[in-house]
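S.K.: sequence? don't have it. structure:
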């Protein structure tokens, strides 16, 4: 877990991220979470890209095994079940706090009017993208994002076990 401000990424981090994403990386602030082997798992990206485009997703899940696991979890139909948990006042309040924490983290790198109040993953009222919620849970650590924590617990991938050598994963 790494919280802002992030240390600049190393050249090795940028190479691995480029391999993981299959494209050149853009406006990387740092690595917000790492695999057990040290490779990037969650990249922190600037809220405004150098070309001027607003980018609300501060915490971007980059590890191929993690992203594949989040996709499988979404495809399993778990999203309505997780969304139903927001009917509980305590869970809804914790999810709102996660949204606010996300916005506060991103604000350390500047305010971008076009994305003001927008975090990621559907927060604070919906469950829209488990990739974003798991990325936030990994970056912020346990207890910050209740839905991200639950999704990570249900995923068939763990940051505690390196799977970088699997087909499609970056070295």
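M.R.: The structure has been received and is ready for your questions. Predicted model, so just to flag it, every value in this text is computed and none were measured.
S.K.: quick check: residue 65 vs residue 128, distance?
M.R.: 22 Å (Cβ to Cβ, to the nearest Å). Bear in mind the C-beta positions are built from the backbone N, C-alpha and C, glycine included.
S.K.: higher neighbour count, the two?
M.R.: The neighbour comparison of residue 65 against residue 128 (other Cβ atoms under 10 Å) goes to residue 65, with 25 against 15.
S.K.: tell me the buried residues in the helix or strand harbouring the more buried one?
M.R.: Using DSSP states H and E, residue 65 sits within helix 64-75. Buried residues in helix 64-75, counting neighbours by 16 or more other Cβ atoms under 10 Å, are found at 64, 65, 66, 67, 68, 69, 70, 73, 74.
S.K.: can you check stretch 95-106 too?
M.R.: 95, 98, 99, 101, 102, 103, 105, 106.
S.K.: nearest to residue 45, out of these: which one, please.
M.R.: residue 106 (9.6 Å; Cβ to Cβ).
S.K.: wait, a helix at that closest one?
M.R.: Yes - Residue 106 sits within a helix when classified using DSSP: H, G, I helix; E, B strand; the rest coil.
S.K.: going forward, the N-terminal residue is numbered 6.
M.R.: New numbering, starting at 6: the last item is residue 111.
S.K.: now it. Nearest residue, chain neighbours left out?
M.R.: The shortest distance from residue 111 to any non-neighbouring residue, by Cβ to Cβ, 6 or more residues apart in numbering, is to residue 63 (4.3 Å).
S.K.: contacts for the regular element (helix or strand) spanning residue 103 next, please.
M.R.: Assigned by DSSP H and E, residue 103 belongs to helix 94-112. Residues from elsewhere that reach helix 94-112 (Cβ atoms under 8 Å, 6 or more residues apart in numbering): 8-9, 52, 61, 63-64, 90-91, 122, 124-125, 128-129, 141, 144-145, 149-153.
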